[in-house]
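Asks: Next one to model:
(3 chains)
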Amino acid sequence: MYDTSKIVIGIIVFLAVFTIPFWYSQVSGDADEMPEIVIAPEAGDQCVEDVDYMRAKHMDLLNTWRNDVVRGADREYESDAYPGVIYDKSLTDTCLGQCHTNKSEFCDQCHTYVNVEPGCWECHNIVGE
Amino acid sequence: MSTLFGVILPYAAIAIFILGMLYKVIKWGKSAVPFRIPTTCAQEETLPWIKRKPHEKLDNPSNNLAVVGRMLLEVLIFRSLWRNTRAEVKADSQKLIYSGSKFLWLFGLLFHWSLLVILIRHCRLFFEPVPWILDVVENIDGMLEIMIPTLYLTDIAILLAVTYLFIRRVVFSQLRYISLPADYFALLLIGGVAVTGVLLRIFFHTDVEAVKELAMSVLRFSPEVPDQSISWLFYFHLAMVCTLLAYFPFSKMMHAGGIFFSPTRNMANTNRVKRHVNPWDYPVKLHPYHEYEEEFHDKMKQAGLPLEKE
Amino acid sequence: MSDEVASREELLKTIDYVPAKQDLYKPNLEFRPGTWNYPANPKKAELVDLPYPREWNPTDLDWKLPENWKEIILKGMEERLDRYRSLRVYLDICVRCGACADKCHFYLGSGDPKNMPVARTELMRSIYRRYFTVGGKLLGGAAGGRELTEDVLKEWFYYYYQCTECRRCSVFCPYGIDTCEITMMGRELLNLVGIGINWIVEPLSNCFRTGNHLGIQPHAFADTVEFAMDDVEEITGVKVNVPMNKKGAEILFVTPSADYFAQPHWYTFLGYMMLFHELDLDYTMSSYASEGGNFGLFHSAEMMKRLNNKIYAEAQRLGVKWILGGECGHMWRVIHQYMDTINGPADFLEVPKSPITGTVFENAKATKMTHISEFTADLIKNNKLKLDPSRNDQWKITYHDSCNPARAMGLFEEPRYIINNVANNFYEMPENTIREKTFCCGSGSGLGTDENLEMRLRGGLPRGNAVKYVKERHGVNILTCMCAIDKATLPAVVDYWVGDVEIGGIHELVGNALIMKDEQKPRTTDLRGDPLPGVEGSEEGGE
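Replies: The predicted structure follows:
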């Protein structure tokens, strides 16, 4: 006895399951559905820190800001990337208020893309929503 | 560099993994199963009035459905490992003492289930749009809601389990005796993947959006290393995952596939009910009755035993 | 007990589970007397055409291997890797989790780390890696491979004849890896270069020629059965008749030859005869197929087939309808898991049907062979037997599940049902030592020799320990079992580890309790000839 048919079925199931991501990416969405980030026209040409840092670690920065403000009433942030530039530690006023005015086109796009649900919006009301 | 680690290595690892799996499985499949040899771990089905409890029907399956049940128990909750005990002769009392020993079962189960959940969670980087089921898994795994970003239960579990599995090999002299370099290597590799993963998740964030762009481009067979920088820690994590993938089919980790091929587990105990054919059966030299009677004819006759030839 | 074996206390002191020898792959070549079996007698080996028969001795440096022994072994391995999925998969997938380690009776009794089932298999797995996997070919030792040397072969001999193929490890292995499969392959390979043990080769050689392991020729077989008839008459006053080589009988009865030639098997044999007489069963025994056991199983698949063939052949020649099998362990592994495959299909037979109760044994539909305990349990369930359990009151009984009927069949309830119906005092041994978790007697698979006594006693430690437990707790004085090797070897084991506990069979108890129609006067002794307790007053209402 070799059970060839069962083995063949097993191999097919294995291949099917393992390659789902390949098929799925072929049949769903556009190839270029990568988030297009929209920044408000009135925004300046630099963020609090440099872009690479912000892309990877903005959540760490916001988390620190929150703790500083809530626990230490410390509202002033001096940029590492741009020494001397001082920012108000505020997601609503600084980030969303001054540059990234369109949450759904700025924040949500990437968050949806990588499937994260930040807890920020449980407290921070969005202007215009 | 990023092309090597982000594109070439993953493609190579995936190719080796798939081909290696096929190679092994086909190799196993080409070996015959000459005999039906289930290990029967409960009463067999015999007389109708001998009633069997549900678990007995699985531990000694009398049909293919029960075999499926037995295999599921084996694969999903490690039925056989659940039986584990510790036995030791106590020289002073001159007794053999048995004690329950469920740690291997517990940490083994934690280890494997965590691996699975972590694998599923990672699918958020391979699926666009992300299916809702992944949210469910993530929310359950992150139900503690401590720390930002949320600490996953499986991250804790896998680190604990790998540590336990490693330490037992070092601490217990019997296990040290039977442990090979490959055993430590596999644990270190998976441990390394887990540790770098947790570091990336909790302490050293990298640009996840860029990581997903890279992953999706690889999946679409139009690889493109994103302009944004991805940290070396991530590439280290990925390189270890690739090593794991490529090593998998040629290592002891093939128990994942092998368990389905284990004749003591995947066969029904229908031995006396259904004929099982050995594909390489061949004729053997026999000692037929007539030769026997020829040799012992006179003695048989004297003893009054019936004969074919008087 | 043999003078050469240390006392119980001394032996226990030698068991140390901390491995002294730290290298798993350094061959262990200590052939201490008492731990191995004598090599096969070349004359006996020649009779069954075994390769390279010769005089050799494990303690000699030169084992007189054929010049191309390495080639033979590797070719043999390659062949078996293709023939046995079990071998290939089990050599590939072990993770060395160690769950099997303290499940082996030889490890528990010896502390020798290479008796951990995982280590026993590594002895072959290392060779497999070195010669049959890419990693091992390239990296050698770093990938867990090692060279096949004469020392490795010698070590195989030592450890593959220190495994009784009991399958207990396979119950606990998360992948069901069965060391029995590995040991079987190890022994087959060793036999390819003429390394075998006499306790296996001689019985199988005998069996091939005379029909039974003991080499009993047909006239002597007839004689011994007649002795048994006389014994029954002496004890019960009933003259029973055992048909031999009778054509046209309904049932062929096959039982291990020890049943009619050894103690305490004999009493079980008397029990069968009384039962069959009482039922007026139309059966026959056969001198040609006078062996239920099959030492070929311990040698090679081919030899197993050569010996087993006689059972179906004789059933066909005699024109019986079905086959009934006696109490035996490995015999039932062969019958249940191999017989139909190697020598079937037995289309000339009918599905076994009890002529007394009309029960059709559907579970033996293909193989057409029923276990006597299934047959007897069915009789009792249908109230076909008159039983007086008080005639077993001299016994406080426990029951030893034999490895093969337990783990290669699942025969647990029938014997217990019978015991509970024919006797009053039944006590189970601890849960870890019965049913699928039962321990081997330590002498199975052809290792039951006197020269191997120390190892047998070590292997018998877990069983001895469990018997001691029920003896101390319940006063158990008989260990019953359904295996000829158990019955032959457990007396030594139990004497050594416990003392004052007898070994007996299930149908001995049945024979004791069975009230026979033709019995004229109350029985005064049991089947062993020992006086029954309180015979005078206890017989009213018996008939």
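
Asks: So residue A:14 is in contact with residue B:24, correct?
Replies: No. Using C-beta atoms under 8 Å, residue A:14 is not in contact with residue B:24; the gap is 11.3 Å. (C-beta placed from N, C-alpha, C; glycine too.)

Asks: If you count surrounding residues, which of the two has more?
Replies: Between residue A:14 and residue B:24, counting by other C-beta atoms under 10 Å in any protein chain shown, residue B:24 is the more crowded of the two (21 against 16).

Asks: Please enumerate the helices of the stretch 251-400 of chain C.
Replies: C:265-279, C:301-318, C:330-333, C:340-343, C:372-381 (DSSP state H, counting those that start in this stretch).

Asks: and among these, the most buried is which?
Replies: helix C:330-333 (a mean of 28; mean count of other C-beta atoms under 10 Å in any protein chain shown).

Asks: At which residues are the strands of chain A located?
Replies: A:76-78, A:86-88 (DSSP state E).

Asks: Ramachandran angles for residue C:514?
Replies: With angles defined as degrees, to the nearest 10, residue C:514 sits at phi -70, psi 120.

Asks: Beta-bridge partners for it, please?
Replies: Here residue C:514 sits in beta bridges with residue C:387, as judged by DSSP bridges.

Asks: Around it, how many other residues sit close by?
Replies: For residue C:514, using other C-beta under 10 Å, the count is 22.

Asks: tell me the contacts of it?
Replies: Going by C-beta atoms under 8 Å, 6 or more residues apart in numbering or on different chains, residue C:514 touches C:271, C:274, C:275, C:278, C:385, C:386, C:387, C:422.

Asks: May I see the helices of the stretch 251-400 of chain C organised as TSV, with mean pLDDT and distance to chain A added?
Replies: Shown next, in TSV, are those (pLDDT from 0 to 100; distance: least, C-beta to the nearest C-beta, whole Å):
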stretch	mean pLDDT	distance to chain A
helix C:265-279	97	36
helix C:301-318	97	15
helix C:330-333	97	19
helix C:340-343	97	9
helix C:372-381	98	26
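
Asks: sorry, back to before: can you name the two of the contacts of residue C:514 that sit furthest apart?
Replies: C:271 and C:386 (14.8 Å; C-beta to C-beta).

Asks: what sits against the nearest residue to residue C:233 once chain neighbours are set aside?
Replies: Once flanking residues are discounted, residue C:233 sits nearest to residue C:239: 5.2 Å by C-beta to C-beta, 6 or more residues apart in numbering or on different chains. Residue C:239 is in contact with C:229, C:232, C:233, counting by C-beta under 8 Å, 6+ apart.

Asks: try residue C:175
Replies: B:80, B:255, B:258, B:259, B:262, B:265, C:90, C:93, C:94.

Asks: Check residue C:401 too.
Replies: So residue C:401 contacts C:412, C:434, C:435, C:438, C:481 (C-beta under 8 Å, 6+ apart).

Asks: quick check, nearest of those to residue C:111?
Replies: Distances from residue C:111 to these, taken by C-beta to C-beta, are shortest for residue C:438, at 21.5 Å.

Asks: distance of the closest residue to residue C:400 other than its chain neighbours from residue B:111?
Replies: Nearest non-adjacent residue to residue C:400, counting by C-beta to C-beta, 6+ apart: residue C:481, 4.2 Å away. Distance, residue C:481 to residue B:111, by C-beta to C-beta, to the nearest Å: 41 Å.

Asks: which parts of the stretch 201-350 of chain C sit against chain A?
Replies: Contact residues (C-beta under 8 Å from any C-beta of the partner chain) of the stretch 201-350 of chain C with chain A: there are none.

Asks: quick one: the strands in the stretch 201-350 of chain C?
Replies: C:251-254, C:283-284, C:322-325 (DSSP state E, counting those that start in this stretch).

Asks: Out of those strands, the one nearest residue B:57 is which?
Replies: strand C:322-325 (24.9 Å).

Asks: Quick check: residue C:119 is in a helix.
Replies: Yes. Under DSSP: H, G, I helix; E, B strand; the rest coil, residue C:119 sits within a helix.

Asks: hmm, back to that, which stretch among the helices of the stretch 251-400 of chain C comes nearest residue C:38?
Replies: Closest among these, using C-beta to C-beta: helix C:301-318, at 18.7 Å.

Asks: Show me what the closest one is packed against.
Replies: Here helix C:301-318 touches helix B:289-302, helix C:198-210, strand C:251-254, strand C:322-325, helix C:340-343, going by 3 or more C-beta pairs under 8 Å, 6 or more residues apart in numbering or on different chains; DSSP states H and E.

Asks: Could the C-alpha coordinates of the last one be exported in PDB?
Replies: To tie it back to what came earlier, the one meant is helix C:340-343. Output in PDB follows, covering the C-alpha atoms of helix C:340-343 (Å, rounded to 0.1, in the frame of the first residue of the first chain):
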ATOM      1  CA  ASP C 340      -3.600 -12.100   6.100                       C
ATOM      2  CA  THR C 341      -1.100  -9.800   4.400                       C
ATOM      3  CA  ILE C 342       1.700 -12.300   4.200                       C
ATOM      4  CA  ASN C 343      -0.200 -15.500   3.600                       C
END
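
Asks: Measure how buried residue B:303 is and give me the count.
Replies: Around residue B:303 there are 19 residues (other C-beta under 10 Å).

Asks: list the contacts for it?
Replies: Neighbours of residue B:303 in contact, by C-beta under 8 Å, 6+ apart: C:218, C:219, C:222, C:223.

Asks: Nearest to chain C within chain A, name that residue for me.
Replies: Nearest residue of chain A to chain C (C-beta to the nearest C-beta) works out as residue A:2 at 8.3 Å.

Asks: Let me have the strands of the stretch 201-350 of chain C in JSON lines, extended by mean pLDDT and mean neighbour count.
Replies: As requested, these are exported to JSON lines (pLDDT from 0 to 100; neighbours: other C-beta atoms under 10 Å in any protein chain shown):
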{"stretch": "strand C:251-254", "mean pLDDT": "98", "mean neighbour count": "24"}
{"stretch": "strand C:283-284", "mean pLDDT": "98", "mean neighbour count": "20"}
{"stretch": "strand C:322-325", "mean pLDDT": "98", "mean neighbour count": "25"}
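
Asks: Of all those, which one comes closest to residue A:66?
Replies: strand C:322-325 (79.1 Å).

Asks: hmm, the closest one in reach of chain B?
Replies: No. Using C-beta under 8 Å from any C-beta, strand C:322-325 stays clear of chain B, with a minimum separation of 10.8 Å.

Asks: quick revisit: from the contacts of residue B:303, which land in helices?
Replies: Applying DSSP state H to the contacts of residue B:303, the entries found in helices are C:218, C:219, C:222, C:223.

Asks: and the gap between the third one and chain B?
Replies: Which is residue C:222. 4 Å (C-beta to the nearest C-beta, to the nearest Å).

Asks: what's the neighbour count on that residue?
Replies: Applying other C-beta under 10 Å, I find that residue C:222 has 21 neighbouring residues.

Asks: The first one too?
Replies: The number of residues packed near residue C:218 is 27, by other C-beta under 10 Å.

Asks: Please name the nearest non-neighbouring residue to it.
Replies: residue C:287 (3.9 Å).

Asks: try the third one
Replies: Closest residue in space to residue C:222, ignoring its immediate chain neighbours: residue B:303 at 4.1 Å, by C-beta to C-beta, 6+ apart.

Asks: can the longest helix along chain A be found next to chain B?
Replies: Ranked by number of residues, the top helix in chain A under DSSP H is helix A:51-72. Yes. Against chain B, helix A:51-72 shows contacts by C-beta under 8 Å from any C-beta at A:51, A:52, A:55, A:56, A:57, A:59, A:60, A:63.
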